[in-house]
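> Provided below are the primary sequence and the corresponding predicted coordinates.
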Amino acid sequence: LFFPVEMAPHDPILGLNETYNADLRAEKVNLGVGVYYDEAGKVPLLRAVQAAEEARVAEHAPRSYLPIEGLAPYDLAVQKLLFGTESSIVESGRLITAQSLGGTGALKLGADFLFRLTGKKLVAISDPSWENHRALFEAAGYEVVTYPYYDAATNGLNLNGMLEGIEALPEGSVVLLHACCHNPTGVDLGLADWARVIDVIQRKNHVPFLDIAYQGFGENLQDDALAVRLFAETGMPFLVASSFSKSFSLYGERVGALTLVTSTPDERDRVLSQLKRVIRTNYSNPPTHGAKVVAAVLNNPELYAMWEDELAEMRERIRGMRQALAEKLKEAGVTQDVDYIQRQRGMFSYSGLNKDQVKRLADEFAIYAVSSGRICVAALNSANIDHVAKAIAAVMKD
Ligand code: PLP
Ligand code: TYF
């Protein structure tokens, strides 16, 4: 039976963890996977999360099944976080939010739903994008194409390329967009850029699918939801995949949500009934713990304020590391422009390092980065940054 099964390739990002773990050098640094580490190099347990967990344990609550679409107070809180507490769309009867197994689970539910129930077969993702986007949509049956996004010459956005690429797609294509803190480039759209992208998408009847995995890591919770709110203003149908893995530092609890914006309450009911079927035939219903904790934080003003402060702390620490890295690279004699490191947003910097340079970082300096040259700035701290800056400078100079 299993004889013909061939070895699958490693995940280009998660596979790095295994190599890193097997490295015995004391100075090793893992800049591969997109995980936020604190100044002590640890994945933090947020104080707001800890408080919510303690209250939950003290309750000794029974553990029945959740509804298929998840915990209602969680789903509603996700909508308020995306669209804003004042938004009329939350009360419109047109929204569906289903708790999902992380952001990945939300993408998969959305992909399956559109494929099975609306006959969508083509999705366009940014060039470059999170590696799992292509893999996930291909596994769901789609043809995956790309639209231009990153401009290597300016380390910025190739807006005209992006607009032309989206324009050239067949009418009614699914267009996957990073709402903020683009993974892997850290390059985001501004208000005027979004307006132009939205205009093309509307004219071409495309289906926007927004991926928001880093809300709060760019500017703040409100500004990072700009794209979601601009799409909401158009009145057009769209989908949003939320992840709280990073913003709550709850990676292993798999907390995410799929939100679908439909056109009418009647349409909403029909769509929800089918979405529930997609969920039921995948995993029946979602797990309790992560959603209970996130809902407790989002729905309690004190815990929410505490969380917002902790999110700001994470964001500011990453900014500090960006500035320090750019400065230390210059000190170490790098003459190329490195100021883009400070312009990029979120956890990553697209460093411009090529495959060979990334390999040298691992071989000679025990520093692990993604072969695309993406480094996770959120893994830098004052204990490892000198080693990292010197090593990057060394491979850049030769
Ligand atoms: N989308 C993007 C752009 C991501 O970087 C990630 C990272 O993990 C995800 C989705 C998936 O999030 P999760 O870990 O919650 O599945
Ligand atoms: O891009 C990253 O590093 C994160 C974590 O298959 C991740 O989004 C990476 C690969 C993967 C799942 C999660």
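Here it is on my side, so go on. Ligands and ions are numbered 1, 2, ... in the order given.
> can we go C-alpha only for contacts and neighbour counts from here?
Will do.
> Residues contacting stretch 19-26, please?
28, 29, 30, 366, 368 (Cα atoms under 8 Å, 6 or more residues apart in numbering).
> How about stretch 279-296?
49, 52-53, 56, 63, 65-71, 73-74, 77, 99-101, 109, 248, 250, 253-255, 303.
> Assign a three-state SS to residue 256, would you?
Counting by DSSP: H, G, I helix; E, B strand; the rest coil, the backbone at residue 256 sits in strand.
> For it, the count of nearby residues, please.
29 (other Cα atoms under 10 Å).
> How about residue 289?
15.
> so what's the most centrally placed residue in the chain up against?
For the chain, the residue nearest the mean C-alpha position is residue 213 (2.7 Å; Cα atoms, centre = their mean). Residue 213 makes contact with 103, 180, 241, 242, 243, 244, 245, 246, 247, according to Cα under 8 Å, 6+ apart.
> Which members of those residues occur in helices, if any?
Counting by DSSP state H, the contacts of residue 213 place residue 103 in helices.
> Greatest separation within the contacts of residue 213: which pair is it?
180 and 245 (15.0 Å; Cα to Cα).
> And those two? Which one has more around it.
residue 180 (29 against 21).
> Residue 122 is in contact with residue 114, correct?
No: assessed by Cα atoms under 8 Å, residue 114 is found out of contact with residue 122, at 10.2 Å.
> Tell me the residues of this protein that contact ligand 2?
13, 14, 33, 34, 130, 132 (Cα under 6 Å from any ligand atom).
> Include pLDDT and distance to residue 92 when you put those residues into a markdown table, please.
What follows is the residues of the chain next to ligand 2, written out as a markdown table (pLDDT from 0 to 100; distance: Cα to Cα, whole Å):
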| residue | pLDDT | distance to residue 92 |
| --- | --- | --- |
| 13 | 88 | 40 |
| 14 | 86 | 40 |
| 33 | 93 | 39 |
| 34 | 94 | 36 |
| 130 | 95 | 33 |
| 132 | 94 | 33 |
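> Kindly write the ChimeraX command that selects the buried subset of those residues.
To isolate the buried members of the residues of the chain next to ligand 2 in ChimeraX, using 16 or more other Cα atoms under 10 Å:
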select :13,33,34,130
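> The residues of the chain next to ligand 2 into CSV, with extra columns for secondary structure and distance to ligand 1?
Below are the residues of the chain next to ligand 2 laid out as CSV (DSSP: H, G, I helix; E, B strand; the rest coil; distance: Cα to the nearest ligand atom, whole Å):
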residue, secondary structure, distance to ligand 1
13, coil, 10
14, helix, 10
33, coil, 9
34, coil, 7
130, coil, 6
132, helix, 8
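> And the residues of the chain next to ligand 2, which is closest to residue 156?
For the residues of the chain next to ligand 2, the nearest to residue 156 is residue 130 (17.0 Å; Cα to Cα).
> Tally up the residues packed near the residue nearest to that closest one when sequence neighbours are not counted, please.
Of all residues not flanking residue 130 in the chain, residue 183 sits nearest, at 5.6 Å (Cα to Cα, 6 or more residues apart in numbering). Using other Cα under 10 Å, residue 183 has 24 other residues around it.
> helix or strand for residue 183, which one?
Assigned by DSSP states H and E, residue 183 falls within no helix or strand.
> How about residue 316?
helix 301-331.
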